[in-house]
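Engineer: Sequence and computational prediction follow.
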Amino acid sequence: MRESWSRLSRSLDGVTSPHTPPVSPTVAQSRVQTEGPRVLSRVIGIAGELLILIGALIALYVAWQLFYTDVQADREQQQVLDGLSWVQPAGTDNSDQGPVTIPAQYQFRDVAPPVTPPAEHTETFAALFVPRWGDDYARPISEGVERKAVLDKLGIGHYPQSAMPGELGNVAIAGHRTSYGKPFTDVDTLAVGDAVIVQTEGAWYVYRVTDWSIVRPTAIETIAPVPGQLDAEPNGHYITLTTCHPRYSAAQRWVVHGVLDYWAPTGHGIPPEMVEDLS
Amino acid sequence: MISTWIWNRLPGNGWVKSVIVVVAIAALVAVLFEVVFPWAAPQLPFQDQTVE
């Protein structure tokens, strides 16, 4: 291999070097005939190597996207949650009776809920619990829906122009359905009536799923203050989850709407929905 | 060939060359995973979850 390589480069030098002694036409002709295929095979060989490199790069990208982003994002999001002292995941009790659940007198339906103060970009201001996705499902909600700083890293993002929890209007949040910790991977399992629970430092907001739909990526009316009505004045407390659809694609969006069932101040236990048996 | 060209220019015997190649590939993959891919992903139209 090495032998033929140096022979090849020698013969190539012969073609390009200005010091090449003059050769008779017949010799030159025969040279061209043998050099031609050699140069060609070298070019093809290098092109082949480049193609293999590009293939390996694409394979690496797919492996990174499908597996490594989960590793990275899960780690990051768990750290964010652990950093929030007020988050109360289910199952973290020491008693034998199971976790303390919020008694009925603290579940407010007729009293206006406390409004969460606006958050800075990338600030984590709430946690999301969805009992349908497992009693250990707890994810941070951070301000912004920009991919690099929020969705790819912190998980669930809150549309900055949408309402904050407790504010009249629509709390719109977005999350990945595949990779990057995939907070909304099981979005298709949500049924009407399922609880979607947002906890902030001061309050629990328990929403009920009312409907879901698959829409075009441009369907901004889904995150309007009144879902589906672009110009309507806010008239209730809604929540909207948006994620991509189908899986591994950006062609459409899977959208879930919910409406506030009740709210409760923190410090009286966890919402009973978090320990209900859903099976 | 590019790979042959690189291999012939690495110092040491076959084992040393192999170690250098493995370390270089690991470093390359680390840079790709931590810097290049996270930057490239939002520019590619494969995953989006917001309505806009």
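Structural biologist: In hand now; what should we look at? Residues are numbered from 1 along each chain as shown, chains lettered A, B, ... in the order given.
Engineer: And chain A, is the helix or strand harbouring residue B:23 touching that?
Structural biologist: Residue B:23 is part of helix B:14-31, with elements assigned from DSSP states H and E. Yes: when contact is scored as C-beta under 8 Å from any C-beta of the partner chain, part of helix B:14-31 falls within range of chain A: residue B:29. Using the backbone N, CA and C atoms, a C-beta is placed for each residue, glycine as well.
Engineer: tell me the mean pLDDT over whichever helix or strand comes after that helix?
Structural biologist: Following helix B:14-31 in sequence order, the next helix or strand is helix B:37-40 (DSSP H and E). Across helix B:37-40, pLDDT averages out at 89.
Engineer: now do stretch A:61-81
Structural biologist: Stretch A:61-81 comes out at a mean pLDDT of 88.
Engineer: anything in it near chain B?
Structural biologist: Yes: under the criterion of C-beta under 8 Å from any C-beta, stretch A:61-81 makes contact with chain B via A:61, A:64-65, A:68-69.
Engineer: Show me the shaky parts of chain B.
Structural biologist: Along chain B, segments meeting pLDDT under 70 span B:47-52.
Engineer: Oh, that last question was meant for the stretch 151-279 of chain A, not what I typed.
Structural biologist: For the stretch 151-279 of chain A, the stretches with pLDDT under 70 are A:279.
Engineer: residues in it within reach of chain B, list them.
Structural biologist: So the stretch 151-279 of chain A meets chain B at A:151-152, A:157, A:159, A:174-179, A:184, A:215, A:217-220, A:222-223, A:242-244, A:248-250, A:253, A:255 (C-beta under 8 Å from any C-beta).
Engineer: thinking again about what came up before, mind listing which of the residues of stretch A:61-81 next to chain B are in strands?
Structural biologist: If you go by DSSP state E, the residues of stretch A:61-81 next to chain B have nothing in strands.
Engineer: which among the residues you listed gets closest to chain B?
Structural biologist: Closest to chain B out of those is residue A:64 (4.8 Å), distances taken as C-beta to the nearest C-beta.
Engineer: count of residues packed around that closest one?
Structural biologist: Neighbour count for residue A:64, taken as other C-beta atoms under 10 Å in any protein chain shown: 22.
Engineer: Surely it touches residue B:33?
Structural biologist: Yes: counting by C-beta atoms under 8 Å, residue B:33 is a contact partner of residue A:64 at 5.3 Å.
Engineer: Give me the packing partners of the helix holding residue B:23, helices and strands only.
Structural biologist: For helix B:14-31, there is no helix or strand it packs on, judged by 3 or more C-beta pairs under 8 Å, 6 or more residues apart in numbering or on different chains; DSSP states H and E.
Engineer: any idea how far that helix is from the chain center?
Structural biologist: Relative to its chain's centre, helix B:14-31 lies at 10 Å (C-alpha atoms, centre = their mean, to the nearest Å).
Engineer: buried residues in that helix?
Structural biologist: For helix B:14-31, the neighbour count (16 or more other C-beta atoms under 10 Å in any protein chain shown) marks residue B:17 as buried.
Engineer: With stretch A:231-244 instead?
Structural biologist: Applying 16+ other C-beta under 10 Å to stretch A:231-244 flags A:237-244 as buried.
Engineer: Among the residues you listed, which lie within strands?
Structural biologist: If you go by DSSP E, these have A:237-244 in strands.
Engineer: circling back: which of the residues of the stretch 151-279 of chain A next to chain B count as buried?
Structural biologist: For those, buried by 16+ other C-beta under 10 Å: A:151-152, A:157, A:159, A:174-179, A:184, A:215, A:217, A:219-220, A:222-223, A:242-244, A:250, A:253, A:255.
Engineer: Do I have it right that residue A:135 meets residue A:271?
Structural biologist: No: here residue A:135 does not reach residue A:271: they are 11.8 Å apart, not a contact under C-beta under 8 Å.
Engineer: Please say which of the two ends up with more neighbours.
Structural biologist: The neighbour comparison of residue A:135 against residue A:271 (other C-beta under 10 Å) goes to residue A:271, with 25 against 17.
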